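Engineer: return atomic coordinates for the entry below.
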Amino acid sequence: MVQAIAPRLDHTLWRPVLAADPLCTVHDLFTWVTLDHLMQMHEALDLRGALAEAAESRAQLNNGGRGGFA
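Structural biologist: Purely as a prediction, here's the structure:
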């Protein structure tokens, strides 16, 4: 979807800034963030997503697959 909307946007560079809970600002990105920092931010965002998916799966199991409706 991102590619269709913003085909020239460098996902590797901008993902930590555009995340729902950003890990850095645009200023940070261009002043102190190193390539190592950037790669670690991607790992943190991947971990955040995996943890959210696991929590959602647990919630669905606890609700008997009813999607949260009792």
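Engineer: going forward, measure contacts between C-alpha atoms and count neighbours the same way
Structural biologist: OK.
Engineer: any idea of the mean pLDDT in stretch 27-45?
Structural biologist: Averaging pLDDT along stretch 27-45 gives 97.
Engineer: wait, I meant stretch 1-12
Structural biologist: On average, stretch 1-12 scores 88.
Engineer: okay, how far is it across that stretch, tip to tip?
Structural biologist: From its first residue to its last, stretch 1-12 covers 15 Å (Cα to Cα, to the nearest Å).
Engineer: not counting its own residues, what contacts that stretch?
Structural biologist: 38, 42 (Cα atoms under 8 Å, 6 or more residues apart in numbering).
Engineer: go on, stretch 16-30?
Structural biologist: So stretch 16-30 is contacted by 38, 41-42, 45 (Cα under 8 Å, 6+ apart).
Engineer: residue nearest the centroid of this structure?
Structural biologist: residue 45 (4.1 Å; Cα atoms, centre = their mean).
Engineer: and that residue, what element?
Structural biologist: Residue 45 belongs to helix 35-62 when assigned by DSSP states H and E.
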